[in-house]
Each structure stands twice: as C-alpha cells, then as structure tokens.
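A.B. asks: Just need the structure, nothing else, for what follows:
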Amino acid sequence: MPREVRNQLTALRVKNEKKPGRYADGMGLYLVVSEHGSRWWQWRGTVHGKRRELGIGSALLVSLSDARAIASEWREIARSGGDPAAVRDKKKRSKMTFEQAARHVWQDQIDGHVRNSKHAAQWIRTLETAAFPKIGSRDIFDISQADILSVLRPIWLETPETARRVRQRLKAVFEWARVSGYCEGINPVEGVERALPRQKDRQKHFKALPFLELPSVFGQIADAEGMGAQALMFAILTATRSGEVRKARWMEFDLKSHVWTIPPDRMKANLEHRVPLSDPAIAHLKALQRFQDEELVFPSARLGRPLSDMTLAAVLKRLNIPAVPHGFRSTFRDWVSETTETPHAVAEMALAHSIPNRVEAAYRRGDLFEKRRVLMSKWADFATSAV
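C.D. replies: The predicted structure is shown next:
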C-alpha cells in the first residue's frame, strides 16, 4: 500500500502564496488561494460514502499547524462514521457574529488590497450604517433571507445604488463565512431581490457637448489661463480620463515617437495603455516644456503635487460651458460614430475601454495602435479647427 503524502506545505509558503489555486498539504488538507489573494483552508474527504469539501477557516486566522490538527480530527471522525460538519458547526455556533465576519472580509480582502482608499472606506461604512444595527450582533449561522430583507428593504427604493452595493457586500461576507465554515447551505443573499420591489432605472450620464460645438469650445479653453485649461486641452486632444492627464509625468512621453505610455496603476483597467500623440498634442507638450522644469506635466501651484480632480471642471464652470471633463470622451465617441467609418474595436481601444467578452479579449493581442494614430490625428485636427 503506497505511503500517504503529508505536510507538503510550509508556513512561509502559506503566507506568501499568491497564485490562485488549490494546494495540497496531505491527509485531505488544502490551501485555497482566490483570484483576489485571499487564502483559506479546506478539508476534502469521504463522509457517509460521499465526497465532501468543508471550510476550516481563513489562513490569516488559522495557522498551518492548527489546520493540520483540525483536518486530522475530521478525517478520524469521517473514518469512524461521523460527520465532521456537524462537529464543526457545534463548535462554531455563537462564535462568529455578522459584524465580526464583515470586518474579517474587509481586512482580508478590501482594506489595503484595493487601489482606491475611498472605496475601501465606503465598503465597511455602508455595512456599519445599513447592516450592523440590524444584524451585526447576530450569529451569522442563524441569519436568514428574512433578515437580509430587513436590511435591504428600507433603502432599496430610497437609495437604489447604495442598496445594490450593500447587497453585493452582504453576499461577499456570507460567501466568506460559508467557505470558512461559519455557515452552510445557500448564500441567504442569493435571489433576495425577488422579494423586493422593482427599482427604476437611473442611468447617470456625464454632461457632454454635441461634437459640432467642440471646435469653438476648444478655442475658448485655449484662450483661458491656468494649468487647468492646459490639462483640459490635452485631455480633449487625447480623449483620455482626467486622472490619467492630471498625474502624467514627463518620463511617460516619447516625443520623438509621438507616444504616451500610461502605467497600469493610473488606468481604470489596471493595464498599461499607449496613447498615440497627434501633431497638435505634441505641439501642446513642447510649449509646456519651454516654461517648466517639473516631473509632472501639469503641476498644481503646490510644488510636486498634481492638479486636483476639480480643477478641470472649474475651468468649464468659469467659461459657462455646459459639460464635465469626462463628457468630452462621449463627444469624441459621438464624433467617431457620426463622421468616420472607424471600426468599433478601434474606437473602444482609443478610449481604453475593457473588452467585456472574455473570448474576444483572450484572442485580441494587439492594441490597434497604428489605426488609432490615424484616428487621433483626425480628431485633433477637428478639435483645433477653430483655434
């Protein structure tokens, strides 16, 4: 009979493993690493003749040695004809409240793990406001769909967007609790919207100019003073987002090749993006180079600090232009659709939009750069035609 494999993992590997997957330690114990980097323990074995998978707990809370001890105990229980899940549930009852579980998820997967610190703070704050007063002190094992409804119903129609976010966060907490062994069965958040009234669609659109008005408006902005106006002009010429422009650094630009390479940490999709620079965009940058010696292309009055996110909007408000900075991307998209025969993929790539179709995304290797170079040159000529 072959010797059983055991103790394949080390504490250091458990702490540092980041590649998603399931890693066997032996004797039915596995370390599971999610795509988001969270890690938990899982036991796999045969209970009453059927294969079972049971969560032991987060690898941040349960050490390797403790996980091995629990896996060994459950293996013996299963071998003797018992049910490890029943034993586990008996031990865990009244040991994890919803608030404790939510804070574990926040610390393990959100706080310090997402790029947007404001989003991280909002994540836990929405639960503190909407959920904790109602179910925060309850044992997560006992919380039902009726309890979830009591949290969502008061805010479902009053603040629909917030309510949807709360639902998503509730779902994440219960999923964590399920794989960690603190509750079993179907996630109580699943399907709960069937018992809630239908929300009205409230799609929010950014204020954008009709593209025919752009040349005259661009001329107004060109006549305005201040670094905010300079940044706004460049954002329009490149059809990029405000944050990508405001934090741009000279080292990102190759003026000889007419290319701006935006690093992943400033892109919404977290992927490097190359922007072809038209002749007007290059001329704009060279004019800026003549009178500044800073790492930032569009610095604020405070040395070493980028412009604030309100600076570009303030330029439009001061000039009484009925639009917001992000709306010029919509203007660009309308212009492309109405006046050119540009393929959809080229226009979307110019805006650095993610490809929703996973199959298409997997097969598309190039960034259509040369085709985008032609498009952005035409766009810049149109935008500056009244200057």
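A.B. asks: How far does stretch 247-261 stretch from one end to the other?
C.D. replies: The first and last residues of stretch 247-261 sit 13 Å apart, counting by CA to CA, to the nearest Å.
A.B. asks: Give the rounded mean pLDDT of it.
C.D. replies: In this model, stretch 247-261 has a mean pLDDT of 93.
A.B. asks: list the contacts for residue 153?
C.D. replies: Neighbour list for residue 153: residue 196 [criterion: CB atoms under 8 Å, 6 or more residues apart in numbering]. C-beta: built from backbone N, CA, C; applies to glycine.
A.B. asks: Any idea how far the host helix or strand of it is from the middle of the chain?
C.D. replies: For residue 153, the element it lies in under DSSP states H and E is helix 145-156. Distance, stretch centre to chain centre, for helix 145-156: 26 Å (CA atoms, centre = their mean, to the nearest Å).
A.B. asks: Assess the claim that residue 135 and residue 143 are in contact.
C.D. replies: Yes: contact criterion CB atoms under 8 Å: residue 135 and residue 143 qualify, at 5.7 Å.
A.B. asks: Give me the common contacts of the two.
C.D. replies: With CB under 8 Å, 6+ apart, residue 135 and residue 143 have common neighbours residue 98.
A.B. asks: what's the helix or strand for residue 220?
C.D. replies: Residue 220 belongs to helix 214-223, assigned by DSSP H and E.
A.B. asks: Okay, buried residues for that helix please.
C.D. replies: 214, 217, 218, 220, 221, 222 (16 or more other CB atoms under 10 Å).
A.B. asks: One more: stretch 184-194?
C.D. replies: Of the residues in stretch 184-194, those with enough neighbours to count as buried (16+ other CB under 10 Å) are 187, 188, 189, 192, 193.
A.B. asks: Is the closest residue in space to the third one that isn't next to it in sequence within a helix or a strand, and which one?
C.D. replies: Using CB to CB, 6 or more residues apart in numbering and skipping the chain neighbours, the partner closest in space to residue 189 is residue 171 (4.1 Å). Residue 171 belongs to helix 160-179 when elements are defined using DSSP H and E.
A.B. asks: Please name every helix or strand in contact with that helix.
C.D. replies: strand 50-58, helix 98-105, helix 117-130, helix 145-156 (3 or more CB pairs under 8 Å, 6 or more residues apart in numbering; DSSP states H and E).
A.B. asks: that older thread, right, and the residue nearest to residue 189 touches residue 192 too?
C.D. replies: No: contact criterion CB under 8 Å: residue 171 and residue 192 do not qualify, at 9.1 Å.
A.B. asks: Adjacent strands (with direction) for whichever strand or helix holds residue 24?
C.D. replies: Per DSSP H and E, residue 24 falls inside strand 21-26. Sheet pairing here is set by DSSP bridges, and for strand 21-26 it gives strand 29-33 (antiparallel).
A.B. asks: and the angle for the strand it pairs with with helix 160-179?
C.D. replies: Angle between the axes of strand 29-33 and helix 160-179 is 160 degrees (criterion: axes from the mean of the first three to the mean of the last three CA atoms, to 10 degrees).
A.B. asks: begin at 432 from here
C.D. replies: New numbering, starting at 432: the last item is strand 460-464.
A.B. asks: what about dumping the CA coordinates of strand 460-464 to PDB?
C.D. replies: Extracted C-alpha coordinates of strand 460-464, given in PDB (Å, rounded to 0.1, in the frame of the first residue of the first chain):
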ATOM      1  CA  LEU A 460      -6.000  19.400   3.800                       C
ATOM      2  CA  TYR A 461      -5.800  22.100   1.100                       C
ATOM      3  CA  LEU A 462      -4.800  25.700   1.000                       C
ATOM      4  CA  VAL A 463      -7.100  27.600  -1.400                       C
ATOM      5  CA  VAL A 464      -6.000  30.900  -2.900                       C
END
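A.B. asks: got the angle for that strand vs strand 481-489?
C.D. replies: Going by the same axes, to 10 degrees, strand 460-464 makes 60 degrees with strand 481-489.
A.B. asks: neighbouring contacts of strand 460-464?
C.D. replies: Under CB under 8 Å, 6+ apart, the answer for strand 460-464 is 440, 445, 448-456, 470-475, 487, 490, 498-499, 502, 610.
A.B. asks: One more: stretch 738-748?
C.D. replies: By CB under 8 Å, 6+ apart, stretch 738-748 touches 652, 655, 657-660, 662-663, 666, 673-674, 677, 729-731, 754-756.
A.B. asks: Restricted to helices, list the residues you listed.
C.D. replies: 652, 658, 659, 660, 662, 663, 666, 673, 674, 677 (DSSP state H).
A.B. asks: closest to residue 557 among those residues?
C.D. replies: Distance to residue 557 across those (CB to CB) is lowest for residue 674, with 23.5 Å.
A.B. asks: Counting neighbours, what do you get for the closest one?
C.D. replies: Per other CB atoms under 10 Å, the neighbour tally for residue 674 reads 18.
A.B. asks: What residue spans form the domains of the protein?
C.D. replies: 442-523, 529-626, 642-814 (automatic domain parsing).
A.B. asks: residues contacting the residue lying closest to residue 808 once chain neighbours are set aside?
C.D. replies: What sits nearest to residue 808 in space, not counting adjacent residues and going by CB to CB, 6+ apart, is residue 709, at 4.6 Å. The contact partners of residue 709, by CB under 8 Å, 6+ apart, come to 668, 689, 807, 808, 810, 811, 812.
A.B. asks: can you tell me the distance between the two ends of stretch 473-493?
C.D. replies: Counting by CA to CA, the terminal residues of stretch 473-493 are separated by 11 Å.
A.B. asks: same deal with stretch 691-704?
C.D. replies: Using CA to CA, first and last residues of stretch 691-704 are 8 Å apart.
A.B. asks: what are the ranges of the strands in the chain?
C.D. replies: 452-457, 460-464, 470-478, 481-489, 684-685, 690-693, 704-707 (DSSP state E).
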